[in-house]
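Asks: got a predicted model here, sequence first, then my questions.
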Amino acid sequence: MITLSLMNPAQGTSIRDWSFTEETVIRIGRAPDNEVVLLSSVVSRHHVELRRERAHWEIFSLGANGTFIDGEQVTDQAKLMDGATIRLAASGPIIQVKIDHP
């Protein structure tokens, strides 16, 4: 299972959580066809894709304003680790990642 938590940057607390157990692809962006929809002007319609690759998750940056993991910009794709922080655009929403391994 993977849980994505939209974080309040000022307080460091979760505003909303999404949990996925069977999905192999999770899309995040502004468009309503994403699994996680975030209505922010700096978030692209299809900003990132998370893909389960065997025993780990990969993140693919698709957004025009960039994607950052733990403060480092993702140029194309990166391995996603438990506890990672995803930021959509330099000033955009922050998502905390929790990965439970069976």
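Replies: Nice, I can see it.
Asks: what's whatever helix or strand residue 95 lives in in contact with?
Replies: Element membership of residue 95 [criterion: DSSP states H and E] is strand 94-99. Under the contact criterion C-beta atoms under 8 Å, 6 or more residues apart in numbering, strand 94-99 has outside partners 1-7, 9, 14, 28, 36, 57, 80-88. From N, CA and C alone the C-beta is placed, and that goes for glycine too.
Asks: what's the answer for stretch 73-83, then?
Replies: 50, 56-61, 66-69, 86, 96-99.
Asks: how about it, which residues are buried there?
Replies: 74, 78, 80 (16 or more other C-beta atoms under 10 Å).
Asks: which ones among these map onto strands?
Replies: 74, 78, 80 (DSSP state E).
Asks: from the buried residues of stretch 73-83, pick the one nearest residue 23.
Replies: residue 80 (13.7 Å; C-beta to C-beta).
Asks: which pLDDT value belongs to the closest one?
Replies: For residue 80, the pLDDT comes out at 96.
Asks: likewise for the one 4 residues further on?
Replies: Looking at residue 84, its pLDDT reads 97.
Asks: I'd like to know how many residues surround it.
Replies: 17 (other C-beta atoms under 10 Å).
Asks: with residue 71 instead?
Replies: Residue 71: 7 neighbours (other C-beta under 10 Å).
Asks: for residue 21, same thing?
Replies: Using other C-beta under 10 Å: residue 21 sits among 8 other residues.
Asks: repeat for residue 58
Replies: 13.
Asks: okay, and the beta partners of it?
Replies: residue 51, residue 79 (DSSP bridges).
Asks: so, low pLDDT: which residues of this structure?
Replies: Where the chain drops to pLDDT under 70, the residues are 102.
Asks: my read: residue 4 touches residue 38, true?
Replies: No: between residue 4 and residue 38 there is no contact under C-beta atoms under 8 Å: 10.3 Å.
Asks: residues shared between the contacts of these two?
Replies: Going by C-beta under 8 Å, 6+ apart, residues that sit against residue 4 and also against residue 38 are residue 28.
Asks: gap between the two ends of stretch 25-37?
Replies: Using C-alpha to C-alpha, to the nearest Å, the end-to-end distance of stretch 25-37 comes to 14 Å.
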